[in-house]
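In: just a sequence and a predicted model for now, questions to come.
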Amino acid sequence: MDQPQHLSAQLEGMERVLDADTAAIPFRHPTLRGIPDLVLEGDGYTLEFIGPTLLCIDICNPAAVARLLVEPFWAQLPVAV
């Protein structure tokens with residue numbers, strides 16, 4: 001299984017919580033606990049790993065994450081004259 005498929009499979013088992021106070025959307029692995037080995041921070045999100053397993057995705061700025069997901073599609077749209 002390649003890396004994107006492995007991460008997709010891990011996402012299926014994640015628990016999603018919505019923090020009403022901060023509007024953050026954390027996804028957490030239901031069985032893992034502890035301090036992450038690796039933390040990756042981006043524009044509006046944080047990914048935490050324990051070994052090769054995804055521990056947590058914390059989306060703290062959904063609008064910023066949406067922009068990151070849409071940018072590749074904008075580049076493919078034809079330019080109006």
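Out: Perfect, I can see it now. Only a predicted model underlies this, so the values are computations on that prediction, with no experimental measurement involved.

In: do a quick rundown of the strands in the chain.
Out: 15-16, 25-28, 38-42, 45-50, 53-59 (DSSP state E).

In: distance of the most centrally placed residue in the chain from M14?
Out: With distances taken as CA atoms, centre = their mean, the chain has I57 as the residue nearest its mean C-alpha position (4.5 Å). Using CB to CB, to the nearest Å, one gets 7 Å for the distance from I57 to M14. Every residue, glycine included, has its C-beta placed from N, CA and C.

In: now the common contact residues for these two.
Out: F27 (CB atoms under 8 Å, 6 or more residues apart in numbering).

In: just checking, what's the longest helix in the chain?
Out: Ranked by residue count, the top helix of the chain under DSSP state H comes out as helix 62-76.

In: and the angle for that one with strand 53-59?
Out: Interaxial angle, helix 62-76 versus strand 53-59 (axes from the mean of the first three to the mean of the last three CA atoms, to 10 degrees): 100 degrees.

In: contacts for helix 62-76, please.
Out: Under CB under 8 Å, 6+ apart, the answer for helix 62-76 is 23, 25, 42-45, 59.

In: mind putting those into CSV with neighbour count?
Out: CSV is the format used below for those (neighbours: other CB atoms under 10 Å):
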residue, neighbour count
A23, 12
I25, 17
G42, 11
D43, 11
G44, 17
Y45, 18
I59, 18
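
In: need the worst-confidence member of the residues you listed.
Out: Ranked by pLDDT, the contacts of helix 62-76 bottom out at A23, which has 72.

In: residues contacting that one?
Out: Neighbours of A23 in contact, by CB under 8 Å, 6+ apart: P62.

In: and V70, how far from L11?
Out: 20 Å.

In: if we can go back for a sec, for the residue nearest to the centre of the chain, which non-adjacent residue is closest in space?
Out: Excluding its sequence neighbours, the residue lying closest to I57 (CB to CB, 6 or more residues apart in numbering) is F27, at 4.3 Å.

In: please consider this matter closed, and thank you.
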